[in-house]
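Asker: Have a look at this prediction, sequence included:
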Number of protein chains: 2
Amino acid sequence: MTHAFRTLSIASLAVTILAASAAALAQQAPKPEQLVKWRQSAYQTVAWNSSRIKASVEGSYNKDDVVKAATTIAAIANSGLGALFIPGTEQAKGWHETAVKPELFQDGKRVGEYAGNFSKEANELARLAALGDPAAVKEQFGKLNRTCKACHDDFRNKD
Amino acid sequence: MTHAFRTLSIASLAVTILAASAAALAQQAPKPEQLVKWRQSAYQTVAWNSSRIKASVEGSYNKDDVVKAATTIAAIANSGLGALFIPGTEQAKGWHETAVKPELFQDGKRVGEYAGNFSKEANELARLAALGDPAAVKEQFGKLNRTCKACHDDFRNKD
């Protein structure tokens, strides 16, 4: 094997390894459809837990149920949902066509404010839920719902 | 108004109120399709957060990301998922046909053990994530995955 040929082989091997690594990375990065499915799932999980708190504050109050539900909403609100709204996911279909308006991807500052408010009010609800005062939970649940509505009004298509 | 007629009217009013209350209750109770959609969403939210921890323990470790993901998985594991597997949801279609085997609805004892293991290992993962030792997190993440697999092997249809 000539020196030149050996050098070429090593270079070629390096290219092969790089290509394989790139393929592995590409495989690891979730596709837009997967990200949209996950974001729809995360918000549905918030909706489930929200329905449980609503049932408690409007009917028979169940402290244990409210604590579990509020803790789950806070964890999801704090989980870094922004990672599910990256470029490429504007039009992707998850469980269904995305309901997110294009404007969301163009107004990071306002989206960040809304997301911050969602986390803040969800954390406060989890704190109050643990104390177990139904009236305080009901009032805070209203505040949390207003953070949902603010974002939906601006950035979610109507059903 | 005769006495008999007035009695009849009151009885009729009572029936109307009862019927209205029953309708209100029926409206409040989520339909099986909704419950299945929520349970599929909750487990997809676990899958999303699990994929984030996998990326960290197999690649570049991001403590903040692992803490957020592990906290979310633990909150969902502790949230009372059993409420989403009530009678009536055996065959219901959520985002897709349920993948749950009929056996799950017939072996509450074993399901309860699996659910308890899932919570236990998820809580331990959240605790270790906060300490930030990648090796300990990786080992515990393996333990958590085995609780998922145990339940899937017995109670989830293959794709």
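Answerer: Okay, I see it. What you see is a predicted model; the values in this text were computed from it and never measured.
Asker: And for A:K109, the neighbour number?
Answerer: A:K109 has 7 neighbours, counted by other CB atoms under 10 Å in any protein chain shown. For glycine as for every other residue, the C-beta is placed from the backbone atoms N, C-alpha and C.
Asker: ok, it to chain B distance?
Answerer: Separation of A:K109 from chain B (CB to the nearest CB, to the nearest Å): 22 Å.
Asker: for the helix or strand containing A:N117, what is the average pLDDT?
Answerer: Element membership for A:N117 (DSSP states H and E) is helix A:108-131. Across helix A:108-131, the average pLDDT comes to 98.
Asker: residues in contact with it?
Answerer: Contacts to helix A:108-131, defined as CB atoms under 8 Å, 6 or more residues apart in numbering or on different chains, come from residues A:53, A:63, A:66-67, A:69-71, A:73-74, A:77-78, A:81-82, A:85, A:104, A:136-137, A:140-141, A:143-144, A:146-148, A:150-151, A:154-155.
Asker: residue closest to the middle of chain A?
Answerer: A:L81 (2.8 Å; CA atoms, centre = their mean).
Asker: now it: how far from chain B?
Answerer: When A:L81 is compared with chain B (using CB to the nearest CB), they lie 10 Å apart.
Asker: just A:C151 next, same as before
Answerer: Counting by CB to the nearest CB - A:C151 and chain B are separated by 18 Å.
Asker: what's the neighbour count on that residue?
Answerer: Neighbours around A:C151, by other CB under 10 Å: 17.
Asker: For A:N78, which residues are in contact?
Answerer: A:N78 neighbours (CB under 8 Å, 6+ apart): A:S119, A:A122, A:N123, B:K68, B:T71, B:T72.
Asker: Chain B contacts on chain A?
Answerer: By CB under 8 Å from any CB of the partner chain, the residues of chain A that approach chain B are A:28, A:30, A:37-38, A:40-42, A:44-45, A:47-49, A:51-52, A:55, A:59, A:65, A:68-69, A:71-72, A:74-76, A:78-80, A:83-84, A:95.
Asker: that older thread, by neighbour count, which of the contacts of A:N78 wins?
Answerer: Most surrounded of the contacts of A:N78: other CB under 10 Å gives B:T72, at 28 neighbours.
Asker: Kindly confirm my reading that it is in a helix.
Answerer: Yes: under DSSP: H, G, I helix; E, B strand; the rest coil, B:T72 falls within a helix.
Asker: thinking again about what came up before, buried among the residues of chain A next to chain B? Need that as a selection in PyMOL.
Answerer: Only the buried entries of the residues of chain A next to chain B go into this PyMOL selection, using 16 or more other CB atoms under 10 Å in any protein chain shown:
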select buried, chain A and resi 30+37+38+40+41+42+44+45+48+49+52+55+65+68+69+71+72+74+75+76+78+79+80+84+95
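Asker: Helices - which of the residues of chain A next to chain B land there?
Answerer: Among those, the members falling in helices (DSSP state H) are A:28, A:37-38, A:40-42, A:44-45, A:47-49, A:51-52, A:55, A:65, A:68-69, A:71-72, A:74-76.
Asker: Low-confidence stretches in chain A?
Answerer: A:1-27 (pLDDT under 70).
Asker: redo that, cut-off 50
Answerer: Applying pLDDT under 50 to chain A picks out residues A:1, A:23, A:26.
Asker: Dump the helix or strand containing A:N145 to CSV, keeping only the CA atoms.
Answerer: For A:N145, the host element (DSSP H and E) is helix A:134-155. Provided in CSV are the C-alpha atoms of helix A:134-155 (Å, rounded to 0.1, in the frame of the first residue of the first chain):
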residue,chain,number,x,y,z
PRO,A,134,-60.2,25.3,49.5
ALA,A,135,-61.0,29.1,49.1
ALA,A,136,-57.4,30.0,48.6
VAL,A,137,-57.0,27.2,46.1
LYS,A,138,-60.1,28.2,44.2
GLU,A,139,-58.9,31.8,43.9
GLN,A,140,-55.4,30.7,42.8
PHE,A,141,-56.9,28.2,40.3
GLY,A,142,-58.6,31.2,38.7
LYS,A,143,-55.3,33.0,38.4
LEU,A,144,-53.7,30.0,36.8
ASN,A,145,-56.6,29.6,34.3
ARG,A,146,-56.1,33.2,33.3
THR,A,147,-52.5,32.5,32.3
CYS,A,148,-53.7,29.7,30.1
LYS,A,149,-56.4,31.8,28.5
ALA,A,150,-54.0,34.7,27.9
CYS,A,151,-51.7,32.5,25.8
HIS,A,152,-54.6,30.7,24.1
ASP,A,153,-56.2,33.9,23.1
ASP,A,154,-53.1,35.1,21.4
PHE,A,155,-51.4,32.0,20.1
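Asker: That helix versus helix A:108-131: what angle between them?
Answerer: 160 degrees (axes from the mean of the first three to the mean of the last three CA atoms, to 10 degrees).
Asker: Show the contacting residues for A:E33.
Answerer: Applying CB under 8 Å, 6+ apart, the residues near A:E33 are A:A92, A:K93, A:G94.
Asker: The residue nearest to A:A150 when sequence neighbours are not counted: how many residues sit nearby?
Answerer: With CB to CB, 6 or more residues apart in numbering or on different chains as the criterion, A:A150 has its nearest non-adjacent residue at 5.9 Å, and that residue is A:Y114. By other CB under 10 Å, the residues close to A:Y114 number 19.
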